[in-house]
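Student: coordinates for the following, if possible.
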Amino acid sequence: MNKVNLQEKFSLFTEHWTPKIVGELNGQMVKLAKLKGEFVWHKHDHEDELFFVVSGVLKMELRDQTILIHPNEFLIVPKGVEHRPVADEEVLVMLFEPASTLNTGDTEGELTQRRLETL
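Tutor: Sure, this is the predicted structure:
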């Protein structure tokens, strides 16, 4: 067993929208990501996603509303719900999601990450 220091792990990368694996439990991945700008609209047909904000303010756009997520808050996006994360300034997030979850869900493109680095 090894403890994980989030700030230490965040210091190991600078790129945005490229989740890094920092743990795994019961088929769930614990990932860290730095977000800045607008992501793509997408949904996950089979997986829920949990976004825990470590620093910054994340705007989660849904088709009918926008939810602001502040540090030490999290939002669970249920499977099948179309969403788009937006970070006006850099946001550091921890994600909990099944190992099968593709970051861009049903919308593949230049931001799609198929092979995630483990830190």
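
Student: V4: how many residues sit nearby?
Tutor: 12 (other CB atoms under 10 Å). Backbone N, C-alpha and C define where each C-beta goes, glycine included.

Student: return the residues in contact with it.
Tutor: 22-23, 30 (CB atoms under 8 Å, 6 or more residues apart in numbering).

Student: need the three-state assignment for it.
Tutor: Secondary structure, DSSP: H, G, I helix; E, B strand; the rest coil: V4 is coil.

Student: count the residues that sit near K9.
Tutor: 16.

Student: grab the longest strand from the protein for me.
Tutor: strand 83-98 (DSSP state E).

Student: that strand - contacts with which helices or strands?
Tutor: Applying 3 or more CB pairs under 8 Å, 6 or more residues apart in numbering; DSSP states H and E, we find strand 83-98 packed against helix 6-10, strand 28-38, strand 49-55, strand 58-62.

Student: can you give me how far it is from the chain middle?
Tutor: On the basis of CA atoms, centre = their mean, to the nearest Å, strand 83-98 sits 4 Å off its chain's mean C-alpha point.

Student: centre-most residue in this protein?
Tutor: The centroid of the chain falls nearest to L95 when counting by CA atoms, centre = their mean (4.7 Å).

Student: before we move on, back to that, quick check: buried residues in the longest strand of the chain?
Tutor: By 16 or more other CB atoms under 10 Å, the buried positions in strand 83-98 come out as 83-87, 91-97.

Student: which pair in those residues spans the largest distance?
Tutor: V86 and F96 (20.2 Å; CB to CB).

Student: need phi/psi at E82.
Tutor: phi -70, psi 130 (degrees, to the nearest 10).

Student: what are the bridge partners for M29, then?
Tutor: E24, E97 (DSSP bridges).

Student: look up how far P98 lies from it.
Tutor: 7 Å (CB to CB, to the nearest Å).

Student: and for K43?
Tutor: 14 Å.

Student: now swap in K31 and tell me
Tutor: 11 Å.
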